[in-house]
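Peer 1: next input, structure requested:
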Amino acid sequence: MHFIFDIDGTICFDGRSVSPAIQDALSGLERRGHSIGFASARPYRDILPLLEERFHDGLFVGANGAMTWHRRQLTDLTPLDEDTLAQLFALAERHAASCLVDLEWHYHYSGDPAHPFMKMVDPGRLARQVARAEVSRATKLLFTECEDAESLKQALEQRGDIRIHHHSDQQIMDITAGGVDKASALARHGIAADQMVCFGNDSNDLSMFAVARHAVLIGDHPQLRPHARERIIRDQHVERELIAAIQRLGERYAGMPH
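Peer 2: Have a look, this model is predicted:
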């Protein structure tokens, strides 16, 4: 089976690391013959530093499905159309919004460097911040601050050429090309839905939850709850219960094709 894990709020609870115990549980899945992968709103650049080197040859679906990195190579990319991106920049200026744009590896940022979200951007100091003139093949645009967020949201929702991914913090919106989601990226990589077990916690995991053979919800989310086969409460025991679920499902689906 393919075990696919969201990152933040699912296996990473501090924004900076995945615990050694959870990483050992992931390795246990591989020893049982399963394949593991990671699917996050983060670009793969920002997932790699959270995990030990033993996982770096694995599958990373980043930017909510806009990019796929496998065996240390970029294998799939769905960038924003150049005209669309120019119009999004114009919207940002009109609404006094700051934005972060992830490229294939580097990034562009127009806001306050002290914004809390920036603590999670390029934690391994692997990339560089580029000027707007250098932006090309943008995978994701994220609005971090805006003087009139509701007006900006309305303007974005009128567009048919983009996909809006809301964070739990509804003030932050990820924008990708239309049709981008995690499940579509996994399908393009050759992962069949009935051979997938997924773990997630937020609305950007909905595409996976809707099709996976088995979905595990960390915490609670009204959109994910109807699709979850089981739920792990987000409390002081969440890591212990998560590891137990990984081990139990690894044993249950051992020997299944992938």
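Peer 1: alpha carbons only for contacts and neighbour counts from here, please
Peer 2: OK.
Peer 1: okay, now the unreliable bits of the stretch 101-250 of the chain?
Peer 2: 168-171 (pLDDT under 70).
Peer 1: how about the strands in it?
Peer 2: When assigned using DSSP state E, counting those that start in this stretch, the strands of the stretch 101-250 of the chain occupy the ranges 107-109, 140-146, 162-166, 173-177, 196-200, 214-218, 230-232.
Peer 1: list the helices and strands the fourth one packs on?
Peer 2: Contacting strand 173-177 under the criterion 3 or more CA pairs under 8 Å, 6 or more residues apart in numbering; DSSP states H and E are the following elements: strand 140-146, strand 162-166.
Peer 1: please save the CA atoms from the first one in CSV.
Peer 2: In CSV, the C-alpha atoms belonging to strand 140-146 read as follows (Å, rounded to 0.1, in the frame of the first residue of the first chain):
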residue,chain,number,x,y,z
LYS,A,140,2.0,28.7,-5.7
LEU,A,141,1.2,32.2,-4.5
LEU,A,142,0.3,32.7,-0.9
PHE,A,143,-1.3,35.9,0.4
THR,A,144,0.1,36.5,3.9
GLU,A,145,-1.3,39.9,4.8
CYS,A,146,-4.0,42.2,3.4
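Peer 1: what pairs with it, parallel or antiparallel?
Peer 2: Note on strand 140-146: by DSSP bridges, its sheet partners are strand 97-102 (antiparallel), strand 173-177 (antiparallel).
Peer 1: the inter-axis angle of the last one versus strand 162-166?
Peer 2: Translated: strand 173-177. Angle, strand 173-177 to strand 162-166, by axes from the mean of the first three to the mean of the last three CA atoms, to 10 degrees: 150 degrees.
Peer 1: check contacts around Gln223.
Peer 2: 203, 206 (CA atoms under 8 Å, 6 or more residues apart in numbering).
Peer 1: roughly how far apart are the residue positioned nearest the centre of the chain and Ile164?
Peer 2: Centroid check for the chain by CA atoms, centre = their mean gives Ser40 as the closest residue, at 1.4 Å. As judged by CA to CA, to the nearest Å, Ser40 and Ile164 stand 15 Å apart.
Peer 1: okay if I get the strands paired with strand 140-146 as CSV plus distance to Leu224 and mean neighbour count?
Peer 2: Output for the strands paired with strand 140-146, formatted as CSV (distance: least, CA to CA, whole Å; neighbours: other CA atoms under 10 Å):
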stretch, distance to Leu224, mean neighbour count
strand 97-102, 27, 22
strand 173-177, 19, 23
